[in-house]
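> Please find the sequence and the predicted model below.
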Amino acid sequence: MRRHQRADPARHAVTFEQRYSVPCEEFERPHAVATIDAAALFIHDRDDQKTRFEGGIALATTWPNACLHATSGLGHRRILQDGAVINHTIDFLANRVEFRRASDADWQTVPMY
């Protein structure tokens, strides 16, 4: 059985940069999404070991028409199979639910890495 270890953000950044040939700093600029007018739903788990929760907050609070749905205990992968997350996504796509705007939340915006 594979043991789950806490991700090393520096190692993850290097791997990401090598794989996609894009510096991680490019994604640390939430202001880059400030002019996007499309609706977006960010779903992020507070216990994500691969991508910091604060990174999702930073993007969702800067994106003008974005909502953030926070989960707990699902991590980076289980979030994709969670029934409640799937239902929230379907409702968002069908325009059936008005989620709390991320910018209305009391979260502090911090860098992703």
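Noted; the coordinates are in hand. Numbering: from 1, shown residues only.
> pLDDT on the helix or strand harbouring Leu59, on average?
Counting by DSSP states H and E, the element that carries Leu59 is helix 53-62. The average pLDDT within helix 53-62 is 83.
> before we move on, what about stretch 87-104?
pLDDT averaged over stretch 87-104 gives 74.
> Which residue ranges of this protein form strands?
With DSSP state E, the ranges of strands along the chain come out as 40-45, 66-71.
> okay, Asp82: pLDDT?
Predicted confidence (pLDDT) for Asp82: 94.
> hmm, back to that, which other helices and strands does the helix holding Leu59 contact?
Identification of packing neighbours for helix 53-62 by 3 or more C-beta pairs under 8 Å, 6 or more residues apart in numbering; DSSP states H and E yields strand 40-45, strand 66-71. (Glycine included, C-beta is placed from N, CA and C.)
> Comparing the strands of the chain by mean pLDDT, which bottoms out?
Sorting those by mean pLDDT places strand 66-71 lowest, at a mean of 86.
> So which residues lie in contact with that strand, not counting its own?
Contacts to strand 66-71, defined as C-beta atoms under 8 Å, 6 or more residues apart in numbering, come from residues 33, 39-46, 53, 56-57, 59-61, 79, 82, 84-85, 88, 92, 99-102, 105.
> That one vs strand 40-45, what angle?
Relative orientation of strand 66-71 versus strand 40-45 (axes from the mean of the first three to the mean of the last three C-alpha atoms, to 10 degrees): 20 degrees.
> rewinding a little: which one of the strands of the chain is the most hemmed in?
Compared across these, strand 66-71 shows the largest average neighbour count, a mean of 21 (mean count of other C-beta atoms under 10 Å).
> quick revisit: with respect to Phe16, which of the strands of the chain lies nearest?
The closest of those to Phe16 is strand 40-45. By C-beta to C-beta, the value is 16.9 Å.
> No further questions, thank you.
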